[in-house]
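# Here is my input; please provide its structure:
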Amino acid sequence: MTIEVRSMCHALIAASLLVSVGSPAFSQEQDASEADRAYVAPVTAEPDLPALPPTPVLSQDGYPDCREDFQKIAAPFDKAEDTNRCTVLLDRYYAEVLTPFRQRMIDHQNEISAIYTDRVAGKMEFSAKNRDQFYTDMRREHAASDPDGANLADYRALETRYQQDRAYLQDRFCFNTGCGGYAVPEYVAKDDKSEGGKKGSAGKSAKKSKGPQKCKKAKKRGGLLGGIIGGVAGNAAGLGKIGTLISSAAGAVLVSEIACQLTEDEQKEAVAATVEVTEKEEVGATATWKSPTRAGVSGSSTVTALNTEPNGRKCLNITDVAIIDGQETRVSKQMCRGQGDEGYTILA
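Here you go, the predicted structure:
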């Protein structure tokens, strides 16, 4: 083949290739290939995980600092009245501050668990690593909010202080009134002997009217009568079954405004009525009693409210009524029973 022929063949081949490359089919294939090489999946940013709510904090303010206030008072029964006053303040603090805080911590645990279950677990918008980390953080906070956890350290300290102060006041109450194994204060015994040991008709008259005489003594002794009530007295005397009521049980169950008007036998009847309604533990429960010795004396106890606290303690509001010679005395009181306790004791 000559040089001219070879040159002409090369020119024809080049022209053919040029036509092929410029054809529509070639352009489409080239565009598709470039499109495949240029595709990049869109990047979606991972959203922020939800934040855990702040841990509830128990305020250190407001605790009743009154356990030694009775030391400033001279008369034993007035001391006892002040220990009773302080005990009521302590019980109110426990019911209105400590118990609600424990419930707040339970609610906190439930809230953080719900956040993980409803908003994090199984949600693929979060990476597995972040989901696992949130779960770890949630479980750590949940454990710290258990009764023995770090978040309840202040609560445990205040609860221990409450228990210790209450036990101390209970002991001092009995020391100043003659309950719980302590001797009756000497000046009280002399006072009772001088008033009850009068001879003649006057002495007999005083003996027959024990109620009014006791009320007068109660007023002179700061409104307390023997082992009269309060949170301390209730625990000191205890509230047993009707058949085993001890002599100081009236002080654990009856308020002075009624107890001081009754004879010892009448107090036992009134105590039995209170025991009966506490055992029923229902609003509206009523028990009546009558004096075994005086025709014009009777009374009743009625449950007007029942509350159960988160720690298991139950409290009853009870209205006592005493009718003596046609005159009615009506007094309200609150009695509570801790979880595991045998019976109710009076608080206020």
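# contacts and neighbour counts: CA atoms only from here.
Noted.
# Quick one: find the helix or strand in the protein with the lowest mean pLDDT.
Here the helix or strand of the chain ranked lowest by mean pLDDT, DSSP states H and E is helix 231-237, holding a mean of 33.
# Now T286. Its backbone dihedrals?
Main-chain torsions, T286, degrees, to the nearest 10: phi -130, psi 140.
# That one touches I318, doesn't it?
No. The criterion here is C-alpha atoms under 8 Å, and T286 misses it with I318 at 9.4 Å.
# Show me whatever sits in contact with both of the two.
Common neighbours of T286 and I318 are listed as 301-303 (criterion: C-alpha atoms under 8 Å, 6 or more residues apart in numbering).
# what sits against the nearest residue to R337 once chain neighbours are set aside?
Nearest in space to R337, with sequence neighbours left out and distances taken as C-alpha to C-alpha, 6 or more residues apart in numbering, is Y344 at 4.5 Å. Residues near Y344 by C-alpha under 8 Å, 6+ apart: 239, 278, 335-338.
# Low-confidence bits of this protein, can you list those?
1-41, 180, 186-253, 347-348 (pLDDT under 70).
# If you count residues, where's the longest helix of it?
For the chain, the longest helix by residue count, based on DSSP state H, is helix 153-177.
# buried stuff in that helix?
Using 16 or more other C-alpha atoms under 10 Å as the test for burial, helix 153-177 gives 155-156, 158, 162, 165-177.
# got it, and stretch 311-319?
Buried residues in stretch 311-319 (16+ other C-alpha under 10 Å): 313-319.
# what separates E269 from K123, distance-wise?
Using C-alpha to C-alpha, to the nearest Å, one obtains 67 Å as the distance from E269 to K123.
# out of those two, which sits in the more crowded spot?
E269 (23 against 13; other C-alpha atoms under 10 Å).
# neighbours around the nearest residue to D325 once chain neighbours are set aside, how many?
Ranked by C-alpha to C-alpha, 6+ apart and with sequence neighbours excluded, the top spatial neighbour of D325 is G296, at 4.9 Å. G296 has 12 neighbouring residues, counting by other C-alpha under 10 Å.
# go on, the one 5 residues further on?
Around S301 sit 28 other residues, with neighbours defined as other C-alpha under 10 Å.
# what are the ranges of the strands in the chain?
Listed in chain order, the strands of the chain (DSSP state E) span 286-290, 297-308, 314-324, 327-337, 345-346.
# out of the ones you listed, deepest packed?
Ranked by average neighbour count under the criterion mean count of other C-alpha atoms under 10 Å, the strands of the chain are headed by strand 345-346 at a mean of 29.
# Mind listing the strands that strand pairs with, and their directions?
Sheet pairing of strand 345-346 (DSSP bridges) gives strand 327-337 (antiparallel).
# which other residues reach the partner strand?
Contacts with strand 327-337, where a contact means C-alpha under 8 Å, 6+ apart, come from 255, 257-258, 313-323, 343-348.
# try stretch 127-137
Under C-alpha under 8 Å, 6+ apart, the answer for stretch 127-137 is 46, 49, 116, 120-121.
# before we move on, what about stretch 62-79?
With C-alpha under 8 Å, 6+ apart as the criterion, stretch 62-79 contacts 80, 82-83, 86, 89-90, 93, 165, 169, 173, 176-177, 185, 221-222, 224.
# now swap in stretch 100-116 and tell me
50, 52-53, 55-56, 58, 134-135, 138, 141-142, 145, 155, 310.
# Can you select the buried ones from these in PyMOL?
Remark: buried members of the contacts of stretch 100-116, expressed as a PyMOL selection using 16+ other C-alpha under 10 Å:
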select buried, resi 52+58+134+135+138+141+142+145+155
